[in-house]
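> I'd like to go over a predicted model; first the sequence, then the structure.
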Amino acid sequence: MTHPDSNAGERNRSRSHRTRDLAKSWVLASFLAVMTATTSGAENGDWILQLEPTYIDAFGHDQHVLTIHEFDLDATPATDLGTPVGLDTEARLTNRFRLEHRRASWEDWALGFDLIFFGASQGRPARSSAASGPAGPIDRTVFEVADRSFESNDPSEPLYFRVLGDTDLEVWTMDIYGIKTLAETPERQLGLVLGLRNADFDNDFHVFAGIEGVNGSLVDASSNYDRMLGPLVGVSGQIELGRNTLAGYLSQAVVFGGADLSRSIADFIGPAPTERDLVVAQSLQSFERRQDLTIPMTDLRITWLHPLGERLSLGVTANASIWSDVPVPPDIVPGAGAGGGFNKNTIVFFGVGAAIRLAF
């Protein structure tokens, strides 16, 4: 029978590195933003700095990477308890940084800059299983991964599946835009957003699978993107509700670029090494492909703000970003002949968080 194991060490180290990186990005973004605002605020114009610590989860990208077959050959008819196992993308606390500037001489225009980064581990608790022998209900157990399968016919042949700690997802977008005021009253404002989006998406998958102490395979796959760039158009608006402000934003971007998609399987004899770099391959199967990209991205944000003074407002925000037809690490779906599977996912990044707005 199957039971989860532990692979916490590598993932904890990865999480620690990400926490430090997140803290550094917050300090740097805050320092640059405040310095920019305070040194330029003396000019004729208004600066608005908004920081949004946001808890983001990614949906639609928990790929199927293992199938566990448990056969009861004595049953009538014989049964196969096929259990699919998918990756689990970790929800993460990240931050959004936005800076906007408006001058009287620009009339109905404002300029803005928006940056958000999301980095998360993808994993699954390690799996281990073996046939239960003549006295048990499971006569044969099979672990099926990408183009490989491992079989246990005896309790002395435990199978294993371990997702490595550097299986992760990193995404960021940077928007530079102008906002043209279309309509404005003391209580309401509506604007047209025109700009450029720069984006990046990198995704790596690494797993060990095999028979404990006998043999196994290391599967490596990745989709590593160039910087993507494309136009952005949208609408923004806000309405005053007493002392509070409700702001909304809807945009559509289409970015263009390229990605290097690759997958390799290294087969080895003996127990699985502690690190990927220590694998001594007995055979190696690999392929790679360069692919041009066109990725539509739809963004929606709603923010509620309450003023605490003339310059400071606090509130809450919810946002969603939908990335359509994103090429992901290829050919990692279990099964012989799954080869050449260049898969695309539509990924929804949904987040909720706090909003801190400073006016200078």
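Everything's here; your move. Only a predicted model underlies this, so the values are computations on that prediction, with no experimental measurement involved.
> quick check: bridge partners of W323?
M297, I347 (DSSP bridges).
> what is the burial count for it?
24 (other Cβ atoms under 10 Å). Glycine gets a C-beta too; all of them are placed from N, C-alpha and C.
> for it, give its distance to W47.
Distance from W323 to W47, counting by Cβ to Cβ, to the nearest Å: 31 Å.
> ok, now D108?
18 Å.
> more crowded one of those two?
Comparing D108 with W47 by other Cβ under 10 Å, the one with more neighbours is W47, at 18 against 12.
> name the next helix or strand following whichever strand or helix holds Y160 along the chain.
Here Y160 sits within strand 159-163, counting by DSSP states H and E. Downstream of strand 159-163, the next assigned helix or strand under DSSP H and E is strand 168-184.
> buried ones in that following strand?
For strand 168-184, a neighbour-count test (16 or more other Cβ atoms under 10 Å) marks D168, L169, E170, V171, W172, T173, M174, D175, Y177, I179 as buried.
> ok, the second one to T54 distance?
By that I understand L169. 16 Å.
> same deal with the third one?
Using Cβ to Cβ, we find E170 at a distance of 16 Å from T54.
> with the last one instead?
With distances defined as Cβ to Cβ, the gap from I179 to T54 amounts to 21 Å.
> again with L159
Relative to T54, and taking Cβ to Cβ, L159 is found at 40 Å.
> where along the chain do the helices fall?
For the chain, the helices defined by DSSP state H occupy 8-40.
> so what sits opposite K180 in the bridge?
With DSSP bridges as the rule, K180 is bridged to W109, L192.
> likewise for Y225?
A259.
> that one: neighbour count?
23.
> so where's this structure uncertain?
1-45, 75-76, 78, 135, 335-342 (pLDDT under 70).
> please repeat the previous calculation with a cut-off of 80.
1-45, 73-82, 104-105, 133-137, 335-344 (pLDDT under 80).
> centroid-nearest residue for it?
L169 (4.4 Å; Cα atoms, centre = their mean).
> so that one makes contact with T94?
No. The criterion here is Cβ atoms under 8 Å, and L169 misses it with T94 at 12.0 Å.
> joint contacts of these two?
Residues touching both L169 and T94 (Cβ atoms under 8 Å, 6 or more residues apart in numbering): F118, G119.
> what's the burial count for the residue nearest to S286 when sequence neighbours are not counted?
Counting by Cβ to Cβ, 6 or more residues apart in numbering, S286 lies nearest to S264, which is 3.6 Å off, once chain neighbours are set aside. Neighbour count for S264, taken as other Cβ under 10 Å: 15.
> so who does A91 touch?
Y55, I56, D57, A58, A120 are the contacts of A91 under Cβ under 8 Å, 6+ apart.
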